[in-house]
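Participant: what's the 3D shape of this:
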Amino acid sequence: EDVPSQSFDNKDYFCGKETFPVYESIFTEEGETIRKIAIEIEKPPQIEIHVWTVRKGILRHFYVEKVSKREFEELPYFKLITRTTLSQWKIFSEGEAQISQMCESRVCRTELEDLVKVLYLEKSEKGHC
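Facilitator: Numbers count the residues shown, from 1 in each chain. The predicted model follows:
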């Protein structure tokens with residue numbers, strides 16, 4: 001039988017942990033793919049955007065920028081891809097730091113794809129967390 005989803009102050013929760021929206025933007029320009037992954041944090045209210053520039057599968061440039069919610073809403077191309085917990089975001093950020101060093105000199109298509117998958121929360125079976 002369906003159990004109504006719980007809502008606590010209009011926030012989504014996963015296994016008792018608060019989740020945050022994650023957005024993605026991918027566009028290609030002059031042979032480079034620029035992929036942006038952004039998370040919306042409430043305290044302080046801001047958007048953290050991780051920007052990867054990939055040319056021929058090699059990570060050429062990586063940086064993080066922080067913008068206000070208002071600035072973010074004016075940026076084009078972003079779409080909501082999932083919600084994640086801060087602990088998963090931390091795993092993502094740490095993995096990203098390792099990949100940015102590892103992929104300066106070799107092709108890293110799958111590593112970047114796999115890293116983004118960390119952000120997707122898997123629904124636990126039978127509600128066990």
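Participant: pick out the residue nearest the middle of this protein.
Facilitator: The centroid of the chain falls nearest to Ile37 when counting by Cα atoms, centre = their mean (4.4 Å).
Participant: what strands line up against the longest strand belonging to the chain, and which way round?
Facilitator: Looking across the chain with DSSP state E, the single longest strand is strand 17-29. Take DSSP bridges as the rule and strand 17-29 pairs in its sheet with strand 13-14 (antiparallel), strand 32-41 (antiparallel), strand 79-85 (antiparallel).
Participant: give the contact list for Tyr77.
Facilitator: 25-27 (Cβ atoms under 8 Å, 6 or more residues apart in numbering). Placement of C-beta: from N, CA and C, glycine included.
Participant: so which of those would you say is closest to Ile49?
Facilitator: Ser25 (8.5 Å; Cβ to Cβ).
Participant: tell me the bridge partners for that closest one.
Facilitator: Lys36.
Participant: isn't it right up against Phe78?
Facilitator: Yes - using Cβ atoms under 8 Å, Ser25 is in contact with Phe78, at 4.6 Å.
Participant: shared neighbours, these two?
Facilitator: Contacts common to Ser25 and Phe78, judged by Cβ under 8 Å, 6+ apart, are 36, 38.
Participant: and Ser105, how many neighbours?
Facilitator: For Ser105, the neighbour count with other Cβ atoms under 10 Å is 9.
Participant: name the SS class of it, please.
Facilitator: coil (DSSP: H, G, I helix; E, B strand; the rest coil).
Participant: if you skip the residues just before and after it, what's nearest to it?
Facilitator: Ile58 (7.5 Å; Cβ to Cβ, 6 or more residues apart in numbering).
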